[in-house]
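Undergrad: Predicted model and sequence below, questions to follow.
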Amino acid sequence: MNAAVIVAAGRGTRMGLDRNKVLYPVCGAPIIVHTVRAFAESGLFDGGIVVVTGECDMDEMRGMMDAAGLCVTFAPGGADRQESVYHGICACPQDADVIAIHDGARPLVTREVIARTIDSAKAHGSGVAAVMLKDTVKQVDENGIVVDTPARDTLRAVQTPQTFDAQLIRQAHERFKTGARATDDAMLMERMGHAVRLTEGDVENIKLTTPEDMLLAEQVMIRRGKAKKEEPAMIRIGHGYDVHRLVEGRKLILCGVEVPYTLGLLGHSDADVAYHALTDALLGAAAMGDIGRHFPDTDPKYKGADSGMLLDHVMNLIWAKGYVVGNVDVTIICQRPKLKDYIEMMRENVAAHLRVELDCVNVKATTTEKLGFEGEGLGISTHAVACIMKK
C-alpha cells in the first residue's frame, strides 16, 4: 500500500504574500489543488493522500478540495517542516508499505517522477527525486571567499517527492523528533545510517518560491495542456438581495456587527440580512447558484449559524474557481435603528471575510422615507453587488 504526505503548512513570505502561497491560484485553480490532483490522478496511492497544513488554513483548504472533487485526509502543521511531516506520517495508514513526502508548492510533478521514487523505495528503501546541476557551485566562508569548488558531476539538486519504506521513515522521524533539525527527510535517513538512493527528477518540478516561479508554472501548465491561459482580469458581476422580518427576542446582526435595538431579524441562521445578500451576490458572480442551494433552511446544522462562516465557505469556493474579489457594494435598507455609527465596523468585517483591502468594500444604509415594510419598521432588506476577477 502506498501513501502520500503533501506538506502545505508554510507561508508566502519569500513571495511577498501575507498568507499561505499554495492557496493562490495558477491557471484557474489553487496551487495546492494542482499538486494534490497530480498525486490523485497518478493512481499510485491506494493508501490515500494526507495534506498537512496550518489550522488557520485548514477550513479554506478543505473547501478547495471539496470543490475540486479531491478526497484527502488533513493533518495539522507543526512548528517547522520536520514536525509537519511527522504529523503527516502519523496520519498515514499504519499498514502502508511506502510513504511519499512531497512539497505542496511543487504542482508540476509528473506521474513518471512519482512512480520512479516509489519503485526505488520498494526495491532499496528510498527513492528521492533529484536533477543534475547546470551551474558550477562554490563553497564560501563567512566573508564570501571561495574555499572550494566541488566537482559538479558529483552534485545533485534534490526535489520531492522523497519516498521511503514506511517503517524506516517512521523510525527516523521518531528518533529525531528533538535535537538538530533536518531540511529534508533524506537527511534523517542519512543520520540513521541508511543509504539514500536518488532517482531521476524533472527540471520542471520546481518549488514555487518567487513570483517568477508562478509565471513559469503557468506557462508549463499551458504547454502541457493542463490549463488554458486566462485573460489577465476577466471581470464578473453578481447581484444579491435578501429580506428578513424584525421581531422581538432576536439579536439584530448586520455584517457581523450586533446593533443594539429592541427588535432583531428572524431567520433560520443568525439572519444577518446584509451578509446573506452579499453571499448571494458572490455566488451570482461566479454562477454558482444561490445561498438557499448551498445552505438550505431545512438543514438543522445551519440553525442559528454564524452567517460570516457561511460567507467564508463561499469565499473558499470562489478561490477554488480561481477568482478574487475586486470590490463589493452593500446597501442596507432600514428605517430604524440608525446605522451610521456601525458602518465602519461592518466594512472591516466584510473586508476580513473577503480577504481584500478596506477600500474595496462599501457599506451604506438608507431609509425608505417610511414607505413599504422597511419604512414601517417591519423588516430590513439589503441589496449587494459584487465584482470578482479571474487571476
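TA: On my side now, so go ahead.
Undergrad: Could I get the phi/psi values of the closest residue in space to residue 366 that isn't next to it in sequence?
TA: In space, residue 366 comes closest to residue 333 once its chain neighbours are excluded; the distance is 5.9 Å by C-beta to C-beta, 6 or more residues apart in numbering. From N, CA and C alone the C-beta is placed, and that goes for glycine too. Residue 333 adopts backbone torsions of phi -110, psi 110, taken as degrees, to the nearest 10.
Undergrad: residues contacting residue 333?
TA: 365-368, 374, 380-383 (C-beta atoms under 8 Å, 6 or more residues apart in numbering).
Undergrad: From those residues, pick the one nearest residue 173.
TA: residue 382 (51.9 Å; C-beta to C-beta).
Undergrad: Contacts only, for residue 258.
TA: Per C-beta under 8 Å, 6+ apart, neighbours of residue 258: 251-252.
Undergrad: So, low pLDDT: which residues of the protein?
TA: 11-18, 227-233, 391 (pLDDT under 70).
Undergrad: the helices in it, which residues?
TA: Applying DSSP state H to the chain gives helices spanning 31-40, 55-68, 81-91, 111-124, 166-175, 185-191, 211-223, 273-285, 291-294, 307-320, 343-354, 372-375.
Undergrad: roughly how far is the last one from the heart of the chain?
TA: What it means is helix 372-375. In this view, helix 372-375 has its centroid 42 Å away from the chain centroid, taken as C-alpha atoms, centre = their mean, to the nearest Å.
Undergrad: cool, and the second one?
TA: Put simply, helix 55-68 sits 6 Å off its chain's centre (C-alpha atoms, centre = their mean).
Undergrad: Only the buried residues of that helix, if you could.
TA: 57-58, 60-65, 67-68 (16 or more other C-beta atoms under 10 Å).
Undergrad: hmm, which of the contacts of residue 333 are the buried ones?
TA: 365, 374, 380-383.
Undergrad: Residues touching stretch 78-97, excluding its own?
TA: Residues outside stretch 78-97 that contact it (C-beta under 8 Å, 6+ apart): 1-3, 5-7, 9-10, 47-48, 50-52, 73-77, 99, 101, 122, 165-166, 169-170, 173, 176-177, 181-183, 185, 188.
Undergrad: rerun at 7 Å
TA: Residues from elsewhere that reach stretch 78-97 (C-beta atoms under 7 Å, 6 or more residues apart in numbering): 1-3, 5, 7, 9, 47-48, 50, 52, 73, 75-77, 99, 101, 166, 169-170, 173, 177, 181-182, 185.
Undergrad: That one: end-to-end distance?
TA: End-to-end distance for stretch 78-97, by C-alpha to C-alpha, to the nearest Å: 24 Å.
Undergrad: can you give me how far it is from the chain middle?
TA: 20 Å.
Undergrad: Next, the buried residues of it.
TA: 78, 81-89, 91-93, 96.
Undergrad: ok, how many other residues are close to residue 332?
TA: 23 (other C-beta atoms under 10 Å).
Undergrad: Looking at strand pairing, list the partners for it.
TA: Per DSSP bridges, the residues bridged to residue 332 are residue 365, residue 382.
Undergrad: Residue 49 now?
TA: Going by DSSP bridges, residue 49 forms beta bridges with residue 4.
Undergrad: which ones are touching it?
TA: 4, 6, 36, 39-40, 72.
Undergrad: Which pair in those has the greatest spatial separation?
TA: Most distant of the contacts of residue 49, by C-beta to C-beta, are 6 and 40, 10.3 Å apart.
Undergrad: So for those two, which sits in the more crowded spot?
TA: A direct count of neighbours by other C-beta under 10 Å for residue 6 and residue 40 places residue 6 higher, at 27 against 20.
Undergrad: How much space separates the more buried one from residue 101?
TA: As for residue 6, its distance to residue 101 is 8 Å (criterion: C-beta to C-beta, to the nearest Å).
Undergrad: measure stretch 373-380 end to end?
TA: First-to-last residue span, stretch 373-380, C-alpha to C-alpha: 8 Å.
Undergrad: domains for this structure, by residue range?
TA: The record's domain parsing of the chain by automatic domain parsing lists 2-223, 234-390.
Undergrad: dump the residue contacts of the residue lying closest to residue 259 once chain neighbours are set aside.
TA: Residue nearest to residue 259 in three dimensions, not counting chain neighbours: residue 252, with 4.7 Å by C-beta to C-beta, 6+ apart. Contacts for residue 252 were tallied using C-beta under 7 Å, 6+ apart; they are 258-259, 261, 263-265.
Undergrad: Kindly check the end-to-end length of stretch 245-254 for me.
TA: Note: stretch 245-254 ends 13 Å apart using C-alpha to C-alpha.
Undergrad: Tell me the buried residues in that stretch?
TA: 245-246, 250, 252-254.
Undergrad: Go through the buried ones among the contacts of residue 333 and say which is closest to residue 193.
TA: Out of these, the member with the shortest distance to residue 193 (by C-beta to C-beta) is residue 382, at 66.2 Å.
Undergrad: Could I get the phi/psi values of the nearest residue to residue 129 once chain neighbours are set aside?
TA: Closest residue to residue 129 apart from its sequence neighbours, by C-beta to C-beta, 6+ apart: residue 201 at 3.7 Å. Taking degrees, to the nearest 10, you get phi -90, psi -150 for the backbone angles of residue 201.
Undergrad: can you count the residues close to residue 369?
TA: Counted with other C-beta under 10 Å, residue 369 comes out at 9.
Undergrad: I'd like the distance between it and residue 69.
TA: From residue 369 to residue 69 the distance is 50 Å (C-beta to C-beta).
Undergrad: Now do the contacts for residue 290.
TA: Counted by C-beta under 7 Å, 6+ apart, residue 290 has contacts 280, 283.
Undergrad: can you tell me how far it sits from residue 76?
TA: The separation that residue 290 has from residue 76, given C-beta to C-beta, amounts to 34 Å.
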